[in-house]
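[1] give the three-dimensional model of this entry:
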Amino acid sequence: MIDVQNLTDSRNVPLTKVGVKSLEYPIQVLDKVKKVQHTTARVDLFANLPRHFKGTHMSRFIEIFHAYREDLSMPRFLEMLNKIRASLDAESSFGSLNFPYFLEKSAPVSGLTGMMSYQCCYQGRVYQGGHHFTVSVAIPVTTVCPCSKAISDRGAHNQRGIVRLELELGPFFWLEDIIDMVEKSASSPVYSLLKREDEKYITEHAYDNPKFVEDLVRDVYITIRDLHQFPSFSVEAENFESIHNHNAYAYVQYHSGDDKNDRPG
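    A predicted model of the protein is given here:
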């Protein structure tokens with residue numbers, strides 16, 4: 001049959017990205033405790049299209065991704081992108097993988113367990129002679145306002161927030177370890193299952209550990225920077241304020257070499 005995609009195009013316009021978007025697919029990723037975790041991803045896969053090709057072969061994106069779906073560790077994700085690039089004779093290939101990552105988490109006093117979900121994303125680009133790859137994770141936390149605590153005779157306002165951490169891939173790391181580090185930087189972690197004794201503990205623990213959104217991103221920044229593991233990363237925190245009609249927000253970036261000045265970029 002005629003291969004229409006491979007016909008010559010005379011308009012002389014190369015395309016930066018062509019491919020498939022918002023593909024929903026079951027996948028398997030590495031799990032520190034259970035070795036493998038089954039989850040569902042929303043997937044975008046692209047390649048560049050040279051000026052002389054009329055179109056790309058969309059089926060090849062799905063065909064290759066399907067072959068890798070049962071082992072999408074971070075190195076395998078890059079391997080998959082490189083195979084797409086080679087299969088389509090492209091200069092570059094691109095991909096993103098958004099998925100919920102689940103951890104079983106014990107309440108601090110009762111010890112009862114429930115499942116917590118953390119939204120994760122792989123983003124990668126593979127090109128001749130190199131690649132760029134980042135992993136991001138969104139982690140819900142609790143913060144207590146230091147100002148509210150300082151000026152109030154009773155109590156202090158608190159809120160749930162989200163810390164989003166994006167890491168450029170260096171040595172291998174476990175998502176579980178990164179999540180734990182971020183939660184320890186907040187006033188308190190968030191749980192899915194709590195009894196009254198747990199609520200009492202968390203309320204008092206958070207009250208004793210107040211954090212502005214600025215404190216939160218600075219503490220996460222220092223913790224991740226001092227690992228000396230990631231060439232670059234960013235930290236952002238957004239608090240869903242409980243007494244204000246707006247959210248509080250802070251953001252910081254790091255690139256290797258920034259620590260020479262001992263300050264965020």
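[2] helices or strands up against the helix or strand harbouring Y221?
    Per DSSP states H and E: Y221 is located in helix 213-225. Applying 3 or more Cβ pairs under 8 Å, 6 or more residues apart in numbering; DSSP states H and E, we find helix 213-225 packed against strand 130-144, strand 158-168, helix 175-185, strand 232-239, strand 248-255. All C-beta spots, glycine's among them, are computed from the backbone N, C-alpha and C.
[3] for Y221, see how far away V29 is.
    According to Cβ to Cβ, to the nearest Å, V29 and Y221 sit 26 Å apart.
[4] how many other residues sit next to the closest residue to E183 other than its chain neighbours?
    Once flanking residues are discounted, E183 sits nearest to P189: 4.0 Å by Cβ to Cβ, 6 or more residues apart in numbering. Applying other Cβ atoms under 10 Å, we find 20 other residues in the vicinity of P189.
[5] returning to what we had before: just the helices and strands packed on helix 213-225: most buried one?
    Highest mean neighbour count among these (mean count of other Cβ atoms under 10 Å): strand 232-239, with a mean of 23.
[6] my guess is A156 contacts S187. True?
    No - between A156 and S187 there is no contact under Cβ atoms under 8 Å: 9.9 Å.
[7] list the neighbouring strands of the helix or strand encompassing C120 plus their orientation.
    Following DSSP H and E, one finds C120 within strand 113-127. Strand 113-127 has the following strand partners under DSSP bridges: strand 92-106 (antiparallel), strand 130-144 (antiparallel).
[8] circling back: common neighbours of A156 and S187, please.
    144, 207, 210 (Cβ atoms under 8 Å, 6 or more residues apart in numbering).
[9] domain parsing for the chain?
    1-97, 129-265 (automatic domain parsing).
[10] gap between the shortest one and the chain center?
    Using Cα atoms, centre = their mean, to the nearest Å, we find the averaged C-alpha position of domain 1-97 to lie 20 Å away from the chain's own average C-alpha position.
[11] just the last one next, same as before
    Centroid separation for domain 129-265 versus its chain: 13 Å, with Cα atoms, centre = their mean.
[12] same deal with stretch 102-110?
    21 Å.
[13] on that earlier part again, is the residue nearest to E183 in contact with R160, as I believe?
    No - the pair P189 and R160 does not pass the contact test of Cβ under 8 Å, sitting 10.8 Å apart.
[14] can you check which of the helices and strands packed on helix 213-225 gets nearest to N98?
    strand 130-144 (9.2 Å; Cβ to Cβ).
[15] poorly predicted segments of this protein, please.
    1-10, 55, 259-265 (pLDDT under 70).
[16] sorry, back to before: tabulate the shared contacts of A156 and S187 (a markdown table), appending distance to Q123.
    Output for the shared contacts of A156 and S187, formatted as a markdown table (distance: Cβ to Cβ, whole Å):
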| residue | distance to Q123 |
| --- | --- |
| V144 | 33 |
| Y207 | 38 |
| P210 | 34 |
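[17] find the centremost residue of the protein, please.
    S136 (1.8 Å; Cα atoms, centre = their mean).
[18] now that one: how far from G111?
    From S136 to G111 the distance is 31 Å (Cβ to Cβ).
[19] cool, and L169?
    Distance from L169 to G111, by Cβ to Cβ: 35 Å.
[20] neighbour count: those two, which is higher?
    L169 (20 against 9).
[21] which residues touch that one?
    74, 133-135, 230.
[22] tell me what angle the strand holding C120 forms with strand 158-168.
    30 degrees (axes from the mean of the first three to the mean of the last three Cα atoms, to 10 degrees).
[23] buried ones in strand 113-127?
    For strand 113-127, the neighbour count (16 or more other Cβ atoms under 10 Å) marks 116, 118, 120-127 as buried.
[24] TSV for the residues you listed, including distance to H246?
    Converted to TSV, the buried residues of strand 113-127 look like this (distance: Cβ to Cβ, whole Å):
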residue	distance to H246
M116	27
Y118	25
C120	27
C121	26
Y122	32
Q123	29
G124	35
R125	35
V126	40
Y127	41
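[25] quick one on the thing from earlier: out of the strands paired with strand 113-127, which is closest to V20?
    Of the strands paired with strand 113-127, nearest to V20 by Cβ to Cβ is strand 92-106, at 9.9 Å.
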